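Enquirer: Below: sequence and its predicted model.
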Amino acid sequence: MQLLLESLSLQFISAREFPRIWRHHQADRFWYLGLTVPVDGELDGDVVHHICESFTSGPHHATDITREAIREGADAVIAVGGDGTLHELIPLGTGSDFARTLRWKNGPHDAIECLVEARSSGRKSRVDVGFIRGESGEPHYFINIADIHLSAKAGSHASKYKKFGNLCYVIGALQAFFGHRNHDLRIKVDDGEWEVYPQVTALCIGNAKYFGGGMKITPNASPTSGNFEVVTFQNFKWYDFILILHKLYNGTHLSVKNVNSRSARSVEVEEAGSSGRSIYVQCDGEVLGFLPMKLHILPGAIEMIC
């Protein structure tokens, strides 16, 4: 099937060519539309064919490409990128943290082999999506983790150092601590009563488990559960994070003092008081702006070949 998308550079590739193309363009995001796989599912020669290739040219372009592909009747949309690509199926981003939750492989050839196998066997899953809206009223969607305050600020800084691989998250966190102040937040969970959380350092709302290049920050989260895991860090100093760094990576930090976890279908967060300080918010590694924010889960919102 051929897709005719205006002002897009399209070409057909085979499965065997994919790793070569990835090595040449590994800094780009790719969208491959119209996947056809034979019954035997063997990845060889031109087994994967009629794949239309397009490159994103800037922020939000991937959304436009996907909408056009759906209108044109694409069989499947394959996103090659990091957590910032909503429908990521082949992980090539710096962190690729959502891929870790689903145990996807990070190499391009291994990933497309898994995709071919899943496609030929009809293996699909319904995956939850997070919905988030700020004071501007503009809606956003996320599939991995939304985070607030220090971790969001660290993610913003980390984006400048992606050439250093996963080390960019450590650099971003260190830079974020300069001038950081913990702040009181008001949080409402599942349309309950507002609660004041004093001296919040970071707040993570997870649809999946990992962020920051492999930190298992919301270890009980599952993108098929219909709930977020909400983890708060309160009254932390920079050295506290260093002391529990190994726990953040193996997901055992929930037992640490001043770390709390709860399950939620919806969350509202705002600053407590009027200090005038702006609290960063990001989701899937993309900075959205500042508090206040409202979030809720959309159970089984998308279907993934995985």
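Expert: Looks like it came in fine. Residues are numbered from 1 along each chain as shown.
Enquirer: secondary structure element for Gly155?
Expert: If you go by DSSP states H and E, Gly155 is part of helix 150-158.
Enquirer: er, Asp240 I mean
Expert: Using DSSP H and E, Asp240 falls in helix 238-243.
Enquirer: So which elements touch that helix?
Expert: If contacts are counted by 3 or more CB pairs under 8 Å, 6 or more residues apart in numbering; DSSP states H and E, helix 238-243 sits against helix 167-177. In this view, the C-beta of every residue, glycine as well, is placed from N, C-alpha and C.
Enquirer: make it 10 Å
Expert: Secondary structure elements in contact with helix 238-243, counted by 3 or more CB pairs under 10 Å, 6 or more residues apart in numbering; DSSP states H and E, are helix 150-158, helix 167-177, strand 195-206.
Enquirer: Would you state the helices of this protein in chain order?
Expert: 18-24, 61-71, 97-101, 108-121, 150-158, 167-177, 238-243, 245-250 (DSSP state H).
Enquirer: Which of the ones you listed has the lowest mean pLDDT?
Expert: Ranked by mean pLDDT, the helices of the chain bottom out at helix 18-24, with a mean of 43.
Enquirer: how many other residues sit next to Trp156?
Expert: For the record, residue 156 is Ser, not Trp. 17 (other CB atoms under 10 Å).
Enquirer: ok, it to Phe290 distance?
Expert: Distance of Ser156 to Phe290, given as CB to CB, to the nearest Å: 11 Å.
Enquirer: Check Ala221 too.
Expert: Ala221 is 24 Å from Phe290, by CB to CB.
Enquirer: Which positions within stretch 97-105 qualify as buried?
Expert: 97-102, 104 (16 or more other CB atoms under 10 Å).
Enquirer: The spatially closest residue to Gly214 that is not a sequence neighbour: neighbour count?
Expert: Taking CB to CB, 6 or more residues apart in numbering, and ignoring the residues beside it in sequence, Gly214 has Tyr249 as its nearest neighbour in space, at 6.0 Å. If you count neighbours by other CB under 10 Å, Tyr249 ends up with 16.
Enquirer: Also Gly155?
Expert: Gly155: 27 neighbours (other CB under 10 Å).
Enquirer: Without its sequence neighbours, what residue ends up closest to it?
Expert: Gln282 (5.0 Å).
Enquirer: among the helices and strands packed on helix 238-243, which is the most enclosed?
Expert: Of all the helices and strands packed on helix 238-243, helix 150-158 carries the top mean neighbour count, a mean of 24, counting by mean count of other CB atoms under 10 Å.
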